[in-house]
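A.B. asks: missing the sequence, but the structure's below:
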């Protein structure tokens, strides 16, 4: 398992660097997809199978494809990109160093110290031993990710679910308001006419 | 006695979802479902051929005003005023009720001020009003959130509707720029906010504000192993700094203020009024809760940052506004300046500080209602009839001759913003400075007084333009619409007579400050 972890994470890092390095924007989107795949692999290693699939569906299926569309529509010149490559290095480099430090701090700390710390003070140790713990591991029962997610999201945290749906509603209204043109001079797609059009009659041989 | 009773209520309520939680959340449910009903009504009616494709903006804006007023009535008469709802994700107390009512009334005021604009401008997107309704309901959720996830979701809902509202005039280059800029920077700041929340969650394992407060409270837990987790941790303070940065961005405080002049300038004027007036109080409410409840034990760290932001926004707001010629940009910088004073109250983190902050917020809302209800009146210019709005500050010239009453009202609002003694603005500023002095923050008080003197210059310049300049072209007003006149009358009355009888304001802010701190 360790082996797989190292493969996935190093591939993620390398392809993440290549996203920035690639000259052709289409290539960098493809590397981005590779990043998503490797991250999904990491999630599978963590045992979060549902989230891994969700990650693939949402990021690769929707977002990366959207990126590809936009990149292909924009007609960016490659020379323009290569000019500005090192322009943001100072700011980005400082941020990267900061994040590196943060991660170093994070690795040093035990996130949530549970029972496994050393108590050297004997008095405290006596106190500690007198405590009557409930050993929660005895009561542990496992369930699938989807199972657990559903049973929390639709019962205790249904409020979050509803607010998220409101956010989607607002996004939908916003997209429609900003793009829909109302008026007389708009050329519309006549769906019915288009569907009933006969292919054989449309193409004719001229002369 | 009273406290004990409310505590028992809290406990029993958290267990009965269908009996009590829905009862307590009835105003929010009402507002959201009204928004959805109005959306369906609008979509069906505006596309109906038999009704000859009616224009619905005016109609729906009256419905929206009604919905907001009814919701505030529902909150005012709510049977439950003190509860923790929906499994510890929402909280209701006197503070949230007050903030919610203020939000609702001020946004109803915003819509009613812009009725004439909606009628004359011919931009028939009734969805604007629906988006405003959703934004207001997200502010209600925001004020009463007691959990990092509900905080984030409410902020996202609010800012998503704001992005769309800013970009509404899609034919105008400025509006598109405003919307895009707001969207990109707002998404970035939301990213910072959620990163901070996730750091805190990763470190402590809890999301609710009150649980966080328990974990960070030093000395509660007897073991040194766990105590090491508490106050000293770098990661928690890092997460908190991220959350603070997101917050300062959302309220447009100085190191993070770049977006606000462009957005306020580019958005249509009623939307600018809405952006200036309403969201500040909701954001301040929730972040007061976060920082005074959860992070109170990390107080020294965030206090320095807030002091810095406060000083910076006072200075930026005062100095950068000097060179502005467009009135909406001027108002944007003036609101940055006001945010500096508000943050001075925030930095005190005492009951006096919160009370001063809430007084200042209310006065700020009234002052901006006065200013924007004048800006939203139809004006006639002699040099171009095509542009019936005030855009540059010189457009106000000669208003004192053509409509002396309006000019007088505008100057009262300006004097109040500048903090000239008998008006409400002076009272609120003085209260902030006293609170700052009381918490040993003399620097803030001194710099605050200095910047308020500097800001006098540009407020008084507007008055000079109205009264004393003799331009080639001059503006006169059309008849002031009735709703604007009403808003003007109420806000003017408040601004002038607040100093004479400040007791109700004082009492109510004291009550909410205590509700937040206890």
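C.D. replies: Looks like it came in fine. Predicted model only: the values in this text are computed from it and were never measured.
A.B. asks: buried set for the helix or strand where residue B:512 lies?
C.D. replies: Assigned by DSSP states H and E, residue B:512 belongs to helix B:503-517. For helix B:503-517, burial by neighbour count (16 or more other C-beta atoms under 10 Å in any protein chain shown) applies to B:505, B:508, B:509, B:510, B:512, B:513, B:515, B:516, B:517. In this view, the C-beta of every residue, glycine as well, is placed from N, C-alpha and C.
A.B. asks: check the last one and give its pLDDT.
C.D. replies: What that stands for is residue B:517. With respect to pLDDT, residue B:517 scores 78.
A.B. asks: check the second one too.
C.D. replies: Each residue has a pLDDT score; the one for residue B:508 is 90.
A.B. asks: right, and it touches residue B:99 too?
C.D. replies: No - here residue B:508 lies out of contact with residue B:99, judged by C-beta atoms under 8 Å, at a distance of 11.3 Å.
A.B. asks: possible to save the buried residues of helix B:503-517 as JSON lines with distance to chain A?
C.D. replies: Converted to JSON lines, these look like this (distance: C-beta to the nearest C-beta, whole Å):
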{"residue": "B:505", "distance to chain A": "33"}
{"residue": "B:508", "distance to chain A": "29"}
{"residue": "B:509", "distance to chain A": "29"}
{"residue": "B:510", "distance to chain A": "31"}
{"residue": "B:512", "distance to chain A": "24"}
{"residue": "B:513", "distance to chain A": "28"}
{"residue": "B:515", "distance to chain A": "23"}
{"residue": "B:516", "distance to chain A": "22"}
{"residue": "B:517", "distance to chain A": "26"}
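A.B. asks: wait, which of these is closest to residue B:80?
C.D. replies: residue B:515 (14.3 Å; C-beta to C-beta).
A.B. asks: who's the closest spatial neighbour of residue B:150, skipping the chain neighbours?
C.D. replies: Spatial nearest neighbour of residue B:150, chain neighbours left out: residue B:89 (4.8 Å); criterion: C-beta to C-beta, 6 or more residues apart in numbering or on different chains.
A.B. asks: that neighbour against residue B:149, yeah?
C.D. replies: Yes - shown here, residue B:89 and residue B:149 form a contact pair, counting by C-beta under 8 Å, at 7.3 Å.
A.B. asks: for the two, indicate the residue with more neighbours.
C.D. replies: residue B:89 (25 against 19; other C-beta atoms under 10 Å in any protein chain shown).
A.B. asks: so how far is residue A:6 from that one?
C.D. replies: 39 Å (C-beta to C-beta, to the nearest Å).
A.B. asks: any idea which helix or strand carries residue A:155?
C.D. replies: Here residue A:155 is assigned to no helix or strand, by DSSP H and E.
A.B. asks: and the residue of the stretch 301-450 of chain B found nearest chain A, how many neighbours?
C.D. replies: When scored by C-beta to the nearest C-beta, the stretch 301-450 of chain B has residue B:301 as its residue closest to chain A, at 15.4 Å. Here the number of neighbours of residue B:301 (other C-beta under 10 Å) works out to 17.
A.B. asks: swap in residue B:45?
C.D. replies: Neighbours of residue B:45 (other C-beta under 10 Å): 15.
A.B. asks: same question, residue B:195
C.D. replies: So residue B:195, with other C-beta under 10 Å, has 16 neighbours.
A.B. asks: now do it, the pLDDT please.
C.D. replies: 91.
A.B. asks: also residue A:177?
C.D. replies: As predicted, residue A:177 sits at a pLDDT of 88.
A.B. asks: helix, strand or coil for it?
C.D. replies: helix (DSSP: H, G, I helix; E, B strand; the rest coil).
A.B. asks: how near is it to chain B?
C.D. replies: Distance of residue A:177 to chain B, computed by C-beta to the nearest C-beta, to the nearest Å: 4 Å.
A.B. asks: what's around that residue, how many residues?
C.D. replies: For residue A:177, the neighbour count with other C-beta under 10 Å is 19.
A.B. asks: excluding chain neighbours, what is closest to it?
C.D. replies: Residue A:177 sits nearest to residue B:127 (C-beta to C-beta, 6+ apart), 4.5 Å away.
A.B. asks: where does the one you found fall, phi/psi-wise?
C.D. replies: Residue B:127 adopts backbone torsions of phi -60, psi -20, taken as degrees, to the nearest 10.
A.B. asks: also residue B:91?
C.D. replies: phi -140, psi 140.
A.B. asks: wait, doesn't it sit right on residue B:83?
C.D. replies: Yes - using C-beta under 8 Å, residue B:91 is in contact with residue B:83, at 7.4 Å.
A.B. asks: any stretches of the chain with poor pLDDT?
C.D. replies: In the absence of a named chain, chain A is used. Across chain A, the ranges flagged by pLDDT under 70 are A:76-85, A:106-125, A:127-135, A:182-184.
A.B. asks: right idea, wrong chain: chain B
C.D. replies: In chain B, residues with pLDDT under 70: B:1-18, B:122-124, B:218-233, B:380-389, B:472-477.
A.B. asks: what sits closest to the residue of it found nearest chain A if chain neighbours are left out?
C.D. replies: Of chain B, the residue with the smallest distance to chain A, taken as C-beta to the nearest C-beta, is residue B:164 at 3.4 Å. Distances taken as C-beta to C-beta, 6+ apart place residue A:174 nearest to residue B:164, at 3.4 Å, with adjacent residues excluded.
A.B. asks: what residues of the helix or strand hosting that neighbour count as buried?
C.D. replies: Taking DSSP H and E as the criterion, the element that holds residue A:174 is helix A:158-179. By neighbour count on 16+ other C-beta under 10 Å, the buried set for helix A:158-179 is A:159, A:160, A:163, A:166, A:167, A:169, A:170, A:171, A:173, A:174, A:177, A:178.
A.B. asks: now swap in stretch B:252-266 and tell me
C.D. replies: Neighbour counts over stretch B:252-266 (16+ other C-beta under 10 Å) mark B:252-254, B:256-257, B:259-266 as buried.
A.B. asks: centre of the chain to it, how far?
C.D. replies: Averaging C-alpha positions (C-alpha atoms, centre = their mean, to the nearest Å) puts stretch B:252-266 14 Å from its chain's average.
A.B. asks: equivalent analysis for stretch B:32-50, please.
C.D. replies: On C-alpha atoms, centre = their mean, the centre of stretch B:32-50 falls 28 Å from that of its chain.
A.B. asks: name the helices or strands packed onto the helix or strand where residue A:71 lies?
C.D. replies: Assigned by DSSP H and E, residue A:71 belongs to helix A:65-74. Judged by 3 or more C-beta pairs under 8 Å, 6 or more residues apart in numbering or on different chains; DSSP states H and E, helix A:65-74 is in contact with helix A:25-45.
A.B. asks: what comes up buried for the following helix or strand past the helix it packs on?
C.D. replies: As assigned by DSSP H and E, the chain's next helix or strand after helix A:25-45 is helix A:49-55. Buried residues in helix A:49-55, counted by 16+ other C-beta under 10 Å: A:51, A:52, A:54, A:55.
A.B. asks: same check, this time on stretch B:37-45
C.D. replies: Using 16+ other C-beta under 10 Å as the test for burial, stretch B:37-45 gives B:38, B:39, B:41, B:42, B:43.
A.B. asks: excluding chain neighbours, what is closest to the fourth one?
C.D. replies: When you say that, I think you mean residue B:42. residue B:126 (4.6 Å).
A.B. asks: OK, contacts around the one you found?
C.D. replies: Contact partners of residue B:126, counting by C-beta atoms under 8 Å, 6 or more residues apart in numbering or on different chains, are B:42, B:46, B:56, B:57, B:59, B:60.
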